[in-house]
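Visitor: Structure for this input, please:
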Amino acid sequence: MKVLEKYPIGNGMTLNAVSGDDKLQELHRQLRGLPSYMYLTKREQQLETVAHSYLTRYPVGTRAQLAAVPHVGTDDEDEKLLRELRGKIEKVIETRGGHLDDFEATIERISELQDLEQQRKQLDLAIEALGEYRPQCAELLRRCYVDGLSPSEVADEMKISLSTYYLWRRQAFEEFATLIGLNSE
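Guide: This next block holds a predicted model:
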């Protein structure tokens, strides 16, 4: 994320400055508070309905959104609506530059940065939740994977042995995986 945030896009600007000043995202945030019938046409409401029916996740980046829209629906009408939705997203991508030139590369990096920021927020929330009932596991994960400390540095700071560090790390991984939905237990 740090590399992407400092990605130069010209005129002394970095990707982080462009990402933080995204007016379209701000408009989307404002519209989310309103019922969709207040700003969408009937056809756009149909597209919204089919999107909500088929999408299991809502990625941030435009290309990631395009990839998330399935190609197959349960009937011909749904497939037609999904095709139309993909077409609209493709048109947005094309309008932004069409080919992967400098501008499109910048947009792609903004999307990637936004996706990474969302993932980081989710991981932070999971570590926070873990800290509520297993504080030593949360502290170990944070020191190792957020602060970037080595196992011996973490063990020294937490005043535990390396064998305890590895035991707690295994337990922390198991608990963390359960929190983020990777374990089915």
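
Visitor: so where do the helices sit in the chain?
Guide: 2-5, 15-20, 23-32, 42-54, 62-68, 76-95, 102-133, 135-141, 151-158, 162-179 (DSSP state H).

Visitor: what's the most buried one of these?
Guide: Mean neighbours per residue, mean count of other CB atoms under 10 Å, is largest over the helices of the chain for helix 135-141, with a mean of 19. C-betas here are computed from N, CA, C, even on glycine.

Visitor: Give me the contacts around it.
Guide: 127-128, 130-131, 154, 158, 165, 168-169, 171-172, 175-176 (CB atoms under 8 Å, 6 or more residues apart in numbering).

Visitor: now stretch 41-54
Guide: Against stretch 41-54 from outside (CB under 8 Å, 6+ apart): 36, 37, 40, 69, 70, 73, 78, 81, 82, 84, 85, 88.

Visitor: Return the residues in contact with the third one.
Guide: For residue 40, the contacting residues are residue 48, by CB under 8 Å, 6+ apart.

Visitor: And it, what's its pLDDT?
Guide: The model reports residue 40 with a pLDDT of 77.

Visitor: which residue is nearest the centroid of the chain?
Guide: Computing the C-alpha centroid of the chain and ranking residues by CA atoms, centre = their mean puts residue 115 first, at 3.2 Å.

Visitor: re earlier: the helices of the chain: lowest mean pLDDT?
Guide: Of all the helices of the chain, the minimum mean pLDDT falls on helix 15-20 (a mean of 51).

Visitor: re earlier: which members of the contacts of helix 135-141 are the farthest-apart pair?
Guide: Greatest spatial distance among the contacts of helix 135-141 (CB to CB): 128 and 165, at 21.3 Å.

Visitor: residues near residue 61, how many?
Guide: 19 (other CB atoms under 10 Å).

Visitor: Which residue is the nearest non-sequential neighbour of it?
Guide: residue 111 (2.3 Å; CB to CB, 6 or more residues apart in numbering).

Visitor: which residues does the one you found contact?
Guide: In this structure, residue 111 makes contact with 60, 61, 62, 63, 64, judged by CB under 8 Å, 6+ apart.

Visitor: ok, residue 82 touching residue 68?
Guide: No. If you go by CB atoms under 8 Å, residue 82 and residue 68 don't touch, sitting 11.0 Å apart.

Visitor: Can you work out which residues contact both of these two?
Guide: With CB under 8 Å, 6+ apart, residue 82 and residue 68 have no common neighbours.

Visitor: Show me how the record splits this protein into domains.
Guide: Per automatic domain parsing, the structural domains of the chain span 2-104, 134-179.

Visitor: Can you read off the backbone torsions of the residue of the chain most remote from its centre?
Guide: No residue in the chain sits farther from the centre than residue 161, which is 35.9 Å out by CA atoms, centre = their mean. When read as degrees, to the nearest 10, the backbone of residue 161 gives phi -80, psi 160.
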